[in-house]
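# Can you look at this prediction? I've put the sequence above it.
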Amino acid sequence: MCLLRLKTPAALFALLLVTLQPLTLRAEGGGTPVECSVSSSEQVLADADAAEKAPPPCAQLLLEDDYTSVGSRWRIGFGAGYGERSNPLIQSDDIPIYGILQLSWFGEHFFFDNGDVGWFMADGAHWSANLIAGVGGERSFFSFLNDSPVGFPPLGTELGGPGMSTGPDGTVAADPPPPEAPDRDYVIDGGVELLYEWGGSELQMQLLTDISDKHNGQELWLSWGLPQKWGSLSVYPSLGVTWMSADAADYYFGVRASEAQPGLPAYDVGNALNYFARLSLSYRLGEHWQLVSVLQYEQLADDIADSPSVAEDHVTTSFIGLYYEF
């Protein structure tokens, strides 16, 4: 049985390419439980001596084919392509995606996964529980705001035309720029992750809290996926929800009284529940190469969508490209 980690909050690219995420395994081999860490394409045994007793490579039963680097604790790969993540904030640009980087290490008790660090707490034949910590994923929206050039009107704007105003004394001055969403700092989240396999499907839960003292809020992330495989083609559809406490949602999408300005009134966000649907596809081209693609739609909670700092009530993500893993 192998379980797929669908979300790593610290890495945007890891969030996109869920078919490339690491997995956790506890298999019955020779009557003895064998604990191991694996990726969606390779098996990493916690005890190398158990390799001969283990069942067929986990990757053969999974979404992906197996790699030649079986037994390695490292996963290093890169990819190139094109994609985009929409930015729901006002006066903001969508986030372009041109490449991906996979960097993970899995030890017997600890792991590093694309910016997340974790500790394997316990596992069973169909489940695994970990302690994890990483950077909150919502911060990425605030790194791609559409900053207009300072001191220059937009091209095509003439004196007295759109973008300029004439005062009572006849002087011409530029209109104030439209407000932007307040910026936010990086947040380090920590908590518990539970992976569970049931009837051929995979369930994942993450219960996280702010451990960096930025907002002291909580987030609960739930996902259900059903991996499918036809020859070289692997398909992974999934559905899920994200619950954010009032403190967490308000930190990212609210407007404090000290940040209010014309066109951007103060606003408090309450508890928020977002929904998402994701479809991940990969096609094996060779021993190391894959063609990968991801599509995701996330519906934002009404309390978030009604914020004056938010322009869209949803977030879409797409990517297609070639991926190579050593």
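Yep, that arrived. Numbering: from 1, shown residues only.
# can you give me the helices in the stretch 101-250 of the chain?
With DSSP state H, counting those that start in this stretch, the ranges of helices along the stretch 101-250 of the chain come out as 246-253.
# the strands in the stretch 101-250 of the chain, which residues?
Secondary structure of the stretch 101-250 of the chain (DSSP state E, counting those that start in this stretch): strands at 110-113, 116-123, 127-135, 164-166, 172-174, 188-198, 201-210, 218-225, 228-230, 233-244.
# neighbours around the residue nearest to Trp74 when sequence neighbours are not counted, how many?
With sequence-adjacent residues excluded and distances taken as C-beta to C-beta, 6 or more residues apart in numbering, Trp74 is closest to Trp105, at 5.5 Å. C-beta coordinates here come from the backbone N, C-alpha and C atoms, glycine included. Close neighbours of Trp105, defined as other C-beta atoms under 10 Å, add up to 17.
# what sits against the closest residue to Glu325 other than its chain neighbours?
With sequence-adjacent residues excluded and distances taken as C-beta to C-beta, 6+ apart, Glu325 is closest to Gly77, at 3.4 Å. Listed by C-beta atoms under 8 Å, 6 or more residues apart in numbering, the contact partners of Gly77 are Leu20, Ile100, Leu101, Gln102, Tyr323, Tyr324, Glu325, Phe326.
# Among these, which one sits closest to Ser234?
Leu20 (10.6 Å; C-beta to C-beta).
# pLDDT score assigned to that closest one?
Note on Leu20: pLDDT of 35.
# which regions of this structure lie under the pLDDT threshold?
Using pLDDT under 70 as the threshold, the predicted model of the chain has low-confidence ranges 1-72, 137-140, 142-175.
# what helix or strand is Ile320 on?
Using DSSP states H and E, Ile320 falls within strand 314-325.
# List the strands paired with that strand, with their directions.
Next to strand 314-325 in the sheet, as set by DSSP bridges, lie strand 74-85 (antiparallel), strand 289-299 (antiparallel).
# Return the set of buried residues in the first one.
Buried residues in strand 74-85, counted by 16 or more other C-beta atoms under 10 Å: Arg75, Gly77, Gly79, Gly81, Gly83, Arg85.
# For the last one, name its beta-bridge partners.
Which is Arg85. In this entry, Arg85 is beta-bridged to Ile95, Thr317, by DSSP bridges.
# Next one: it from Gly191, what distance?
When distances are taken as C-beta to C-beta, to the nearest Å, Arg85 and Gly191 turn out to be 24 Å apart.
# before we move on, what about the fourth one?
As defined by C-beta to C-beta, Gly81 lies at a distance of 32 Å from Gly191.
# what do you get for the first one?
As for Arg75, its distance to Gly191 is 23 Å (criterion: C-beta to C-beta).
# OK, contacts around Gly118?
Residues in contact with Gly118 (C-beta under 8 Å, 6+ apart) are Phe110, Phe111, Phe112, Asn130, Leu131, Ile132, Ala133, Glu193.
# Also Leu194?
With contacts defined as C-beta under 8 Å, 6+ apart, the neighbours of Leu194 are Trp127, Ser128, Ala129, Leu203, Gln204, Met205, Gln206.
# any chance of those in TSV, plus distance to Pro265?
Putting the contacts of Leu194 into TSV (distance: C-beta to C-beta, whole Å) gives the following:
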residue	distance to Pro265
Trp127	47
Ser128	46
Ala129	43
Leu203	40
Gln204	38
Met205	36
Gln206	33
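# Report the two of the residues you listed separated the most.
When these are compared pair by pair using C-beta to C-beta, the farthest-apart members prove to be Trp127 and Gln206, with a separation of 14.3 Å.
# out of these two, which sits in the busier spot?
Each of Trp127 and Gln206 has its neighbours counted (other C-beta under 10 Å); Gln206 has more, 24 against 17.
# With adjacent residues omitted, what lies nearest to the more buried one?
Among residues not flanking Gln206 along the chain, Trp221 sits closest, at 4.3 Å (C-beta to C-beta, 6+ apart).
# what's the burial count for the closest residue in space to Pro176 that isn't next to it in sequence?
Closest residue in space to Pro176, ignoring its immediate chain neighbours: Pro262 at 7.7 Å, by C-beta to C-beta, 6+ apart. Here the neighbour count serves as a burial measure; for Pro262 (other C-beta under 10 Å) it reads 8.
# Pro262 is in contact with Pro308, isn't it?
No. Taking C-beta atoms under 8 Å as the definition, Pro262 is not a contact partner of Pro308, at 10.9 Å.
# Kindly format the C-alpha coordinates of stretch 261-276 as PDB.
Below are the C-alpha coordinates for stretch 261-276, written out as PDB (Å, rounded to 0.1, in the frame of the first residue of the first chain):
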ATOM      1  CA  GLN A 261      -7.700  53.800   2.200                       C
ATOM      2  CA  PRO A 262     -10.100  55.100  -0.500                       C
ATOM      3  CA  GLY A 263     -11.300  52.200  -2.500                       C
ATOM      4  CA  LEU A 264     -10.000  49.700   0.100                       C
ATOM      5  CA  PRO A 265     -12.100  49.800   3.300                       C
ATOM      6  CA  ALA A 266     -11.300  47.800   6.400                       C
ATOM      7  CA  TYR A 267     -12.600  44.300   6.300                       C
ATOM      8  CA  ASP A 268     -12.600  41.300   8.600                       C
ATOM      9  CA  VAL A 269     -12.700  37.700   7.200                       C
ATOM     10  CA  GLY A 270     -14.400  35.000   9.300                       C
ATOM     11  CA  ASN A 271     -13.800  31.300   9.100                       C
ATOM     12  CA  ALA A 272     -13.500  30.300   5.500                       C
ATOM     13  CA  LEU A 273     -14.100  27.000   3.600                       C
ATOM     14  CA  ASN A 274     -12.600  26.700   0.100                       C
ATOM     15  CA  TYR A 275     -13.300  23.800  -2.300                       C
ATOM     16  CA  PHE A 276     -11.000  22.500  -5.000                       C
END
